[in-house]
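Student: Predicted model follows, preceded by the sequence.
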Amino acid sequence: MSVVRLVRRFALPVMALLGSALAGGCTAADNLSYDEIAGELDRIVRVRGSGADRRLDYADTAEVSVWYMRNVLFVPFRLVLGFVAGATTIVELENPSRHVRELIAELPDEAGSALDEGADAIARLLLIAELDVSPANVTTALDSAVRVMRQLGLDGVGDPSQLGLAVEPARLDAARGGVQLSRPKNRASERGTRELTPAERAAYLDALAVLVERPLPQWGDRIALVGDLRELWLAETDRTLRGEVADRLRSAIAHAVRGALIRALQRRDAGGADVRLCAIQQFRGLGGKASVPFLLALMAASAGEAGSIAERFDRDPVVRLRLIHLCGQLRGDDALATVQLPGRESWDTIAPADFLAQVALTERAYYSKLRVPALTALCLCLGKTRLDYDLAWVEAWYRDRQRS
């Protein structure tokens, strides 16, 4: 009897019993490589429809990793077990959505700081962040995308003055044509990849720069650009050009992740509070304290269209409480700073201290859980020597602010 047959006949049943006792603490992604996780996602996650009608569909039955490929006790034997008994098996998934969530939570650890895996992970994660209907999956995807972004050395929340200002369509189309003309596969011949002339090289680099000069307006285009630049980078044989493409790829990744966070911040659906809380935390983490006025500007509806502070920012009190906490961390000029977004009037801006004052003055006196936190945060912002919960001073201070 062959060794393989002996293992299958005697060892595997014993391992199965042992594994069933030990696998309770394992997730679907434990001890899997990046390629294994990505392959499993490809077999489960399906995109249906096109354009605005796109949606995600998770397979109920799929080929996934066998339990011994994930269990930490069998890591030294993974290669042998995978070869002898098979690394994957087709199973009926009890909860496909949770299975995907466990996979994408592990994706950043396996991607590390590698640009190839990082770009690939971003495209997968943002697709789930944009199309999944599960708040748990969306928050996990956003968290993982920001982790990958930071592992690639990217930080910051972008320039508020450029928000929504896209590159002119004609200029963008010309840049796409220039990149297509000079991309590696179109320079290939029987003698190898043709080297670009100095003029062609300069035009190619200019075209690449235009593609990431500003974020593309549509989230699908931002994700597609990450994928396209990744392909260019992997195919490029010219060392100098490869470095330039890598820089543009990092810029495209940053645009895509920031765009996903901003879209999450501006969600108004009642069931999206957890997603907004996640986006708030990640946005503040990427931008530091200076990002708080930008955060308020992104989340605020026009003052003329909103009848209350809740309608203007968020109807969920937990989300407003989180904004109160962030505003309360600022001091002095930082608490009085404002950000004016393109297309908004200057009178429509709001400083963190103004936000706190408005919450304190408009919340119901006896039932609000936000008035005291807002008053406490405002006292700290303005450097008061003691906490003062009398609204008279807030009214006087805010009235003077409106006059100035």
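Tutor: All right, it came through fine.
Student: what ranges do the strands span in the stretch 251-400 of the chain?
Tutor: Here the stretch 251-400 of the chain has no strands by DSSP state E, counting those that start in this stretch.
Student: Can you list the low-confidence ranges for it?
Tutor: Scanning the stretch 251-400 of the chain for pLDDT under 70 picks out the ranges 304-307.
Student: What ranges does it have for its helices?
Tutor: 273-287, 291-299, 309-312, 317-328, 333-336, 352-362, 371-381, 391-403 (DSSP state H, counting those that start in this stretch).
Student: Could you check how far the third one is from the centre of its chain?
Tutor: For helix 309-312, the separation from the chain centroid amounts to 26 Å (computed by Cα atoms, centre = their mean, to the nearest Å).
Student: any chance you could map the strands in the stretch 1-150 of the chain?
Tutor: Using DSSP E, counting those that start in this stretch, strands in the stretch 1-150 of the chain cover 45-48, 55-58, 61-65, 88-92.
Student: what angle sits between the third one and strand 88-92?
Tutor: Direction vectors for strand 61-65 and strand 88-92, defined by axes from the mean of the first three to the mean of the last three Cα atoms, to 10 degrees, enclose an angle of 140 degrees.
Student: Can you list the neighbours in contact with strand 61-65?
Tutor: Contacts to strand 61-65, defined as Cβ atoms under 8 Å, 6 or more residues apart in numbering, come from residues 28, 32, 36, 40, 43-44, 87-93, 96, 99. Glycine gets a C-beta too; all of them are placed from N, C-alpha and C.
Student: Give me the distance between the residue most central in space within the chain and Cys278.
Tutor: In the chain, the residue lying closest to the centroid (Cα atoms, centre = their mean) is Leu142, at 3.6 Å. Distance of Leu142 to Cys278, computed by Cβ to Cβ, to the nearest Å: 5 Å.
Student: if I look at these two, which residues touch both of them?
Tutor: By Cβ under 8 Å, 6+ apart, the residues touching both Leu142 and Cys278 are Ala264.
Student: Include distance to Ala129 when you put the helices of the stretch 251-400 of the chain into JSON lines, please.
Tutor: Shown next, in JSON lines, are the helices of the stretch 251-400 of the chain (distance: least, Cβ to Cβ, whole Å):
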{"stretch": "helix 273-287", "distance to Ala129": "9"}
{"stretch": "helix 291-299", "distance to Ala129": "17"}
{"stretch": "helix 309-312", "distance to Ala129": "25"}
{"stretch": "helix 317-328", "distance to Ala129": "18"}
{"stretch": "helix 333-336", "distance to Ala129": "30"}
{"stretch": "helix 352-362", "distance to Ala129": "27"}
{"stretch": "helix 371-381", "distance to Ala129": "30"}
{"stretch": "helix 391-403", "distance to Ala129": "38"}
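Student: rewinding a little: for the strands of the stretch 1-150 of the chain, state which one has the densest average packing.
Tutor: Of the strands of the stretch 1-150 of the chain, the one with the most neighbours on average (mean count of other Cβ atoms under 10 Å) is strand 61-65, at a mean of 19.
Student: mean confidence for that strand?
Tutor: Strand 61-65 shows an average pLDDT of 83 in the prediction.
Student: what sits against Glu110?
Tutor: Glu110 touches 32-34, 37, 117, counting by Cβ under 8 Å, 6+ apart.
Student: out of the residues you listed, which are inside helices?
Tutor: Under the assignment DSSP state H, the contacts of Glu110 contribute 34, 37, 117 to helices.
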